[in-house]
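Peer 1: Attaching a predicted model along with its sequence, questions to come.
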Amino acid sequence: MTKRVIALVDCNNFFVSCERLLKPELIGKPVCVLSNNDGCVVSRSNEAKRLGVEMGAPYFIAKNHFKKVIFLSGNIPYYCEISKRVMDKLYDFTPDVEVYSIDEAFLDLTGLRKTFNCSYEEIVEKIVKDIKDEIGIDVSIGLSYSKTLAKLASDKAKNLQKAKVEKYTYKIGYRQIQEELKSTLISEVWGIGRNTNAFLKKYLIQTAWDFVSQEDMWIKKTMGKIGLELKQELLGHVVHPVNTSCDAPKSISRSESFEEFQTDENYIKEQLNMHIHKVCKKLRKENLLTGCIGVMLRTKDFQVFDVKTNLINPLDTEFELVHHAMTLFKNIFKKGLIYRSVGFFATKLTTKNAQQISLFDGQSVLKKQELSKSWDKLEEKFGKGVVKLGSGK
Ligand SMILES: [Mg+2]
């Protein structure tokens, strides 16, 4: 396995920083930006953090508790514009950029030491400086050997800033891995959700080091492949490379008009199943999971009925999605109407490596993922339609 050098660039208090670009008078003051319709706090300046405003705090409570804090309505289109400027700047350093969210990107810096004729630390310091000088945004950069460690490193930089230390880059080198993992609670590790944390606690696994010290066998048995991958990443081995194939789709949908108008419920369900399979296949190909799915029916007279639902766990497998989709279908299908097409769509897409490990069904999800992958392979070999799902009649 080749050694990679991976950095996570994370804009500090991004929405607040954007607001301060427009209104410099806000610098040094406790400021929060609110979500849509001023529902809750989605971005906090360090001053607001120190006062104790929590992320996600409802505005109607926070405004009474924190009289000194300035609360602002969000302006997403403007933040997107600033985000684009930051991301564009990153491409000046390397083409290997994975835009991960509006204010975060992973960079694969491997080999750039020679190109820039300086150390990796110096490269990331230059990135921080250029973005500050040219765009006016502060970023923190974590530098290490895997995405998980780079994320951890950037969190460490941010913690130092919270404690008023002016440090914008943080490196976890091989010699520091053990020491860093010992001082990191497992709950602070990227991808560890509340359930997994509670489970690991029962086994007295408190720190990230406690976790990586467990036998592979045990991790595999209790947390499945995702657990083993996490251990590898924490030890500095890349499992999830920086994915530079940009333009991840925002949604995936499939629909097609029937050859003839239809009233037959079973026929329409079968077509729906076919679309679900195509969408799932695309999700797997792109390494994506969907967090929200929908079904659409169009009548002969172009009347459209659609319905969608959020999923508790993001998925990419037919076996669960068909189940959810059939429930949705029942909600909109009306006997007696004449239909011309049916469609299926998946939105709220996330990359698979950000998937939170849901402990209690981790194993069965993995099994289904394996099953779906073999389905794709069979189709490659024998052509489409070689495997069919029952339509859950
Ligand atoms: Mg951020």
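Peer 2: Good, I have the coordinates.

Peer 1: quick one: secondary structure of residue 232?
Peer 2: Secondary structure of residue 232, reduced to three states by DSSP: H, G, I helix; E, B strand; the rest coil: helix.

Peer 1: Leaving out chain neighbours, which residue sits closest to it?
Peer 2: Leaving aside its chain neighbours, residue 232 sits nearest to residue 239 (5.0 Å; criterion: CB to CB, 6 or more residues apart in numbering). Backbone N, C-alpha and C define where each C-beta goes, glycine included.

Peer 1: Over to that neighbour. Which of the three states is it?
Peer 2: coil.

Peer 1: ditto for the one 5 residues further on
Peer 2: Under the three-state scheme (three-state DSSP), the conformation of residue 244 reads as coil.

Peer 1: Tell me who's in contact with residue 85.
Peer 2: residue 135 (CB atoms under 8 Å, 6 or more residues apart in numbering).

Peer 1: In three-state terms, label the residue sitting furthest away from the middle of the chain for me.
Peer 2: Here the chain reaches farthest from its C-alpha mean at residue 336, the gap being 42.3 Å by CA atoms, centre = their mean. Here residue 336 is recorded as coil under three-state DSSP.

Peer 1: was I right about it contacting residue 263?
Peer 2: Yes: assessed by CB atoms under 8 Å, residue 336 is found in contact with residue 263 at 7.2 Å.

Peer 1: show me the contacts for residue 251.
Peer 2: By CB under 8 Å, 6+ apart, residue 251 lies in contact with 345-347, 349.

Peer 1: Any stretches of this protein with poor pLDDT?
Peer 2: Within the chain, the ranges that satisfy pLDDT under 70 run 1-2, 245-249, 353-371, 373-375, 377-393.

Peer 1: the strands in it, which residues?
Peer 2: Using DSSP state E, the strands of the chain run over 6-11, 31-34, 41-44, 70-73, 97-101, 104-108, 139-144, 169-171, 252-262, 288-299, 304-315, 339-351.

Peer 1: which residues are in contact with the shortest one?
Peer 2: So that's strand 169-171. Contacts for strand 169-171 (CB under 8 Å, 6+ apart): 120-121, 124-125, 128, 140-144, 153-154, 156-157, 160.

Peer 1: cutoff 10 Å now
Peer 2: Applying CB atoms under 10 Å, 6 or more residues apart in numbering, the set of residues contacting strand 169-171 from outside is 5, 7, 9, 119-128, 139-144, 149-150, 152-160, 176, 180.

Peer 1: Over to stretch 57-75?
Peer 2: 15-16, 18-19, 22-23, 25-26, 29-45, 47-48, 51-54, 56, 81.

Peer 1: Can I have the buried ones of those residues as a PyMOL selection?
Peer 2: Here is the PyMOL command that picks out the buried ones among the contacts of stretch 57-75, judged by 16 or more other CB atoms under 10 Å:
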select buried, resi 15+16+18+19+26+30+31+32+33+34+35+38+40+41+42+43+44+45+47+48+53
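
Peer 1: Among the contacts of stretch 57-75, which are located in helices?
Peer 2: Using DSSP state H, the members of these that fall within helices are 15-16, 18-19, 22, 47-48, 51, 81.

Peer 1: Would you mind listing what in the stretch 51-200 of the chain touches the ion?
Peer 2: residue 103 (CB under 5 Å from the ion).

Peer 1: in the stretch 51-200 of the chain, what residue is nearest the ion?
Peer 2: Nearest residue of the stretch 51-200 of the chain to the ion: residue 103, at 4.3 Å (CB to the ion).

Peer 1: Next up, the contacts around that residue.
Peer 2: 9-15, 17-18, 43, 79, 82-83, 86-87, 137, 139.

Peer 1: go on, residue 339?
Peer 2: 257-258, 261-265, 267-268, 271, 297-300, 303, 305, 333.

Peer 1: are any of the residues you listed buried, and which?
Peer 2: Buried among those (16+ other CB under 10 Å): 262, 265, 268, 271, 297-298, 305, 333.

Peer 1: Out of the residues you listed, the closest to residue 226 would be?
Peer 2: residue 271 (33.7 Å; CB to CB).

Peer 1: Chain neighbours aside, what residue packs nearest to the closest one?
Peer 2: residue 342 (5.2 Å).
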